[in-house]
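>>> here is a sequence with its predicted model. Questions after.
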Amino acid sequence: MVPYWFRHGGYMQVLIVESSRDLGRLWKRHIERMGYEVSLAKDQAEAITFLQDRDFQVIILDVVLEEGSAFAVSDFASYRRPEARVIFVTNTSFFSDGSIFSLASNACAYLQSETPPDDLAAMVEYYGTTNR
């Protein structure tokens, strides 16, 4: 089935919430090469502002933000953008047991921050174009 956003002439919208600007920009460039519109937020406050204004299909969300809570962003997204899929990333061993999937209903993947950007972009494409 063709995704709603594509059927209505739009581009897939991706939100990256990452405190490291360099890492966020790296991911952004790789995803934009696929033709998607990408917004970059550095913390919870910026992410919430973006979620209030735009209809994101995929959110890449660092589990450990320098300012704010990743789970607050995920919870707000599940309320405001219930169709958005969240790919959690981290550079720690938190939630390596898979418990993040029971804590965040919109979680679709959990990756290490060191995942190659092309692999992350492929996951964005997959989760952004498949139905739940």
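Structure received. Note that the coordinates shown come from a computational prediction; the quantities given were computed from them, not determined experimentally.
>>> flag the shaky bits of the protein, pLDDT-wise.
Within the chain, the stretches with pLDDT under 70 are 1-10, 93-102, 131-132.
>>> in this protein, which spans are helices?
For the chain, the helices defined by DSSP state H occupy 4-7, 21-32, 44-53, 70-80, 100-103, 117-129.
>>> which among those helices is found nearest to residue 87?
helix 117-129 (6.0 Å; CB to CB). For glycine as for every other residue, the C-beta is placed from the backbone atoms N, C-alpha and C.
>>> what residues of that closest one count as buried?
The neighbour-count check on helix 117-129 (16 or more other CB atoms under 10 Å) flags 120-121, 123-125, 127-128 as buried.
>>> wait, residue 34 sits on residue 125?
Yes - the criterion here is CB atoms under 8 Å, and residue 34 meets it with residue 125 at 6.1 Å.
>>> distance-wise, check the nearest residue to residue 88 once chain neighbours are set aside relative to residue 25.
Excluding its sequence neighbours, the residue lying closest to residue 88 (CB to CB, 6 or more residues apart in numbering) is residue 110, at 4.8 Å. As judged by CB to CB, to the nearest Å, residue 110 and residue 25 stand 22 Å apart.
>>> okay, the two: which has more neighbours?
residue 110 (19 against 14; other CB atoms under 10 Å).
>>> next one: the more buried one from residue 62, what distance?
Per CB to CB, residue 110 is found 11 Å from residue 62.
>>> intersection of neighbour lists for those two?
Taking CB atoms under 8 Å, 6 or more residues apart in numbering as the contact rule, residue 110 and residue 62 both touch 88-90.
>>> nearest to residue 56 among the residues you listed?
For these, the closest approach to residue 56 (CB to CB) belongs to residue 88, at 14.8 Å.
>>> for that closest one, grab the count of nearby residues.
24.
>>> mind listing the residues bridging to it?
Beta-bridge pairing of residue 88 under DSSP bridges involves residue 61, residue 110.
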